[in-house]
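Novice: test case, fold it:
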Amino acid sequence: KSLGFLELPDDENMLQLFGESARVAIISETCGQVSSASFDSGTIKTESQLQFTLSLLGASFSLGLNQGDLAQQALRRYKSWMLPSFPSYSPPAAMKIDFQKYLRQMFGHLSLLFQNKASLSHPKFEAYIAVCSDALDTMHMIFVENYDRMNEESVHFMLKILLATGDAILEPEEKQVPLSDRLASQAIRVLLDVWLVAGTKDASLWKGISDMFLRWSHRVCVVSQWQEVCWSITMYLERLLFGENDGLDVLHLSTKDATLRPSLADTVHLWYRMLFLIGDPAYVGNPQAYLVIIRALTAICDSLLTVGSTFHPRNSPTNAPPVPTDGNSLLAIFGPWLFEASFGVLKPRKGNVHGLTGGISESDFCDGQAEACAGLCRLFCTEQVRPFRELYLGRFFSCMYENLVENNHHIIVSIISHIHPIFSRELK
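Specialist: This is a model prediction of the structure:
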């Protein structure tokens with residue numbers, strides 16, 4: 001339950017004493033009044049008044065598709081209380097008594113939307129999807145706009161709520177599949193954006209999101225967003241390590257014009273954690289997702305090779321020779337993945353619905369295998385200051401031999417297209 005949805009305590013869920021029609025009537029009347037333009041939030045002066053109001057507004061998010069309009073009304077009022085950028089931002093005075101507590105409470109209420117049963121045939125399905133999408137964007141904005149004044153408890157609470165929300169959307173129960181199909185891309189974008197802003201180093205949170213990614217990595221939208229984030233961090237890291245001629249001077253978020261400038265130490269930690277978030281690509285049971293992952297790894301490897309061969313480290317004399325990125329260091333990070341992929345190693349999990357099912361065969365992964373072979377060829381054909389370790393050379397030549405003697409035209413062409421510079425090298 002530490003990563004689960006918010007469950008309203010009994011003292012916040014007094015409406016459970018009433019039947020459904022009575023609950024809807026009470027919530028409808030409350031939402032109508034509180035969300036109206038004439039409502040003065042200043043009239044909520046005490047914590048008991050605020051708590052009572054939130055118990056009714058929060059309950060609107062759990063009513064389901066039939067009452068999506070009530071959830072929209074409550075969401076509009078929540079924006080005016082939690083988003084400083086909202087035109088009518090005016091939080092009740094009682095919120096200032098314990099700002100962190102009420103911020104967490106209202107943020108948690110929004111996750112209730114994603115527990116409801118969804119049906120494509122429901123006449124209000126499109127309207128409900130719009131409310132859910134609005135809620136995801138609101139959760140993103142709440143975190144970003146309030147981050148500087150949130151304490152650690154609030155940051156960790158919101159990250160856990162977003163993890164649980166993401167899991168409900170990206171690995172849904174059968175009743176929530178329609179929500180998943182429409183909101184998956186937005187959910188992973190919001191989660192990874194918020195994760196970058198938080199910059200958390202909490203081991204339990206990283207374990208939580210890593211475990212979740214093992215369940216989500218079959219989705220192309222997930223690995224595509226992961227690839228974009230890793231690439232953005234890599235570009236920013238290159239600027240910090242190698243100077244001002246390349247890379248990016250800020251870390252870009254997916255939100256328009258939103259940027260970060262973490263320190264070098266924080267960036268290195270974030271780069272390593274985010275890169276390994278994807279787990280072992282050999283377990284990904286979707287050929288398209290697999291190809292996206294392998295391309296991301298080879299692109300990052302290529303970029304680090306290029307930047308290392310042309311730029312001087314910071315604070316080095318301008319006439320000093322450039323220091324290329326060491327190929328052995330890159331292979332220590334990327335080698336296990338790329339070598340496995342180049343040998344065509346796949347590891348579908350037992351009992352995992354995302355294994356090789358639905359007519360998918362190992363041959364469908366040859367695009368990813370060809371990309372891994374090409375990436376390794378480019379790496380081993382790049383001039384190095386230090387010789388490659390014998391272990392890496394042995395695996396590389398073994399991989400090339402096995403793939404060249406196999407009758408796979410696509411992979412053979414990929415290797416031949418990239419390996420020719422190696423004949424001018426003296427690899428030992």
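
Novice: low-confidence ranges, the protein, go.
Specialist: 1-14, 16-17, 19, 173-176, 244-247, 255-257, 308-324, 349-359, 426-428 (pLDDT under 70).

Novice: can you give me the strands for it?
Specialist: Here the chain has its strands, by DSSP state E, at 251-252, 259-260.

Novice: tell me the most buried of those?
Specialist: Neighbour counts (mean count of other CB atoms under 10 Å) averaged over each of the strands of the chain peak at strand 251-252, with a mean of 22. The way it works is simple: take the backbone N, C-alpha and C, and place the C-beta from them, glycine included.

Novice: now do it: distance to the chain's middle.
Specialist: In terms of CA atoms, centre = their mean, to the nearest Å, the centre of strand 251-252 is set 14 Å apart from its chain centre.

Novice: re earlier: got the strands of the chain as CSV, with distance to residue 89 columns?
Specialist: Shown next, in CSV, are the strands of the chain (distance: least, CB to CB, whole Å):
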stretch, distance to residue 89
strand 251-252, 26
strand 259-260, 23
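
Novice: for residue 341, find the nearest of those strands.
Specialist: strand 251-252 (27.8 Å; CB to CB).

Novice: so which elements touch that closest one?
Specialist: Judged by 3 or more CB pairs under 8 Å, 6 or more residues apart in numbering; DSSP states H and E, strand 251-252 is in contact with helix 220-242, strand 259-260.

Novice: and those, which is most packed in?
Specialist: Using mean count of other CB under 10 Å, helix 220-242 ranks as the most buried of those, with a mean of 21.

Novice: quick one on the thing from earlier: between the strands of the chain, which one is nearest to residue 371?
Specialist: Among these, strand 251-252 sits nearest to residue 371 (CB to CB), with 24.9 Å.

Novice: quick one, which of the helices and strands packed on strand 251-252 is nearest to residue 290?
Specialist: Of the helices and strands packed on strand 251-252, nearest to residue 290 by CB to CB is helix 220-242, at 8.4 Å.

Novice: I'd like to know which elements that closest one is packed against.
Specialist: Using 3+ CB pairs under 8 Å, 6+ apart: helix 220-242 touches helix 177-198, helix 203-216, strand 251-252, helix 264-275, helix 287-310.

Novice: quick one: closest of the strands of the chain to residue 378.
Specialist: Here strand 251-252 is closest among those (CB to CB), at 25.9 Å.

Novice: can you list the strands that the closest one pairs with?
Specialist: strand 259-260 (antiparallel) (DSSP bridges).

Novice: which residues are contacting the strand it pairs with?
Specialist: 196, 197, 199, 250, 251, 252, 253 (CB atoms under 8 Å, 6 or more residues apart in numbering).

Novice: tell me which residue is most central in this structure.
Specialist: residue 192 (3.2 Å; CA atoms, centre = their mean).

Novice: surely it is in contact with residue 229?
Specialist: Yes: using CB atoms under 8 Å, residue 192 makes contact with residue 229 at a distance of 5.1 Å.

Novice: quick one on the thing from earlier: now the helices and strands packed on helix 220-242 in CSV, please, with extra columns for distance to residue 342.
Specialist: Putting the helices and strands packed on helix 220-242 into CSV (distance: least, CB to CB, whole Å) gives the following:
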stretch, distance to residue 342
helix 177-198, 28
helix 203-216, 23
strand 251-252, 31
helix 264-275, 19
helix 287-310, 9
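
Novice: return the distance of stretch 140-151 from the chain's centre.
Specialist: For stretch 140-151, the distance to the chain centre is 18 Å (CA atoms, centre = their mean).

Novice: just stretch 294-309 next, same as before
Specialist: That offset, for stretch 294-309, works out to 21 Å (CA atoms, centre = their mean).

Novice: which one is residue 66 nearest to, not counting chain neighbours?
Specialist: residue 124 (6.5 Å; CB to CB, 6 or more residues apart in numbering).

Novice: again, but for residue 149
Specialist: Residue 149's closest residue in space is residue 99 (CB to CB, 6+ apart), at 7.6 Å.

Novice: what number of residues lie near the residue nearest to residue 66?
Specialist: Counted with other CB atoms under 10 Å, the neighbours of residue 124 add up to 15.

Novice: which residues touch it?
Specialist: 65, 66, 68 are the contacts of residue 124 under CB under 8 Å, 6+ apart.

Novice: quick one: it from residue 131, how far?
Specialist: Separation of residue 124 from residue 131 (CB to CB, to the nearest Å): 10 Å.

Novice: what do the two both touch?
Specialist: Common neighbours of residue 124 and residue 131 (CB under 8 Å, 6+ apart) are residue 68.

Novice: list the contacts for residue 254?
Specialist: 189, 192, 193, 225, 228.

Novice: now do the contacts for residue 41.
Specialist: Counted by CB under 8 Å, 6+ apart, residue 41 has contacts 80, 81, 90, 91, 92.

Novice: list just the nearest of the residues you listed to residue 393.
Specialist: Distances from residue 393 to the contacts of residue 41, taken by CB to CB, are shortest for residue 81, at 62.2 Å.

Novice: and for the closest one, the neighbour number?
Specialist: Neighbours of residue 81 (other CB under 10 Å): 22.

Novice: so it versus residue 399, what's the distance?
Specialist: For residue 81 relative to residue 399 (CB to CB), the value is 58 Å.

Novice: please apply the same query to residue 362.
Specialist: 16 Å.

Novice: which one's more surrounded, those two?
Specialist: Legend: neighbour count by other CB under 10 Å for residue 362 and residue 399, higher for residue 399 (23 against 13).

Novice: rewinding a little: so which of the strands of the chain comes closest to residue 112?
Specialist: Among the strands of the chain, strand 259-260 sits nearest to residue 112 (CB to CB), with 30.0 Å.

Novice: how about the helices in the stretch 51-200 of the chain?
Specialist: Using DSSP state H, counting those that start in this stretch, the helices of the stretch 51-200 of the chain run over residues 68-82, 99-110, 125-146, 152-170, 177-198.

Novice: now the last one: how far from the chain's centre is it?
Specialist: From the chain centre to the centre of helix 177-198 is a distance of 7 Å (CA atoms, centre = their mean).

Novice: that'll do, ta.
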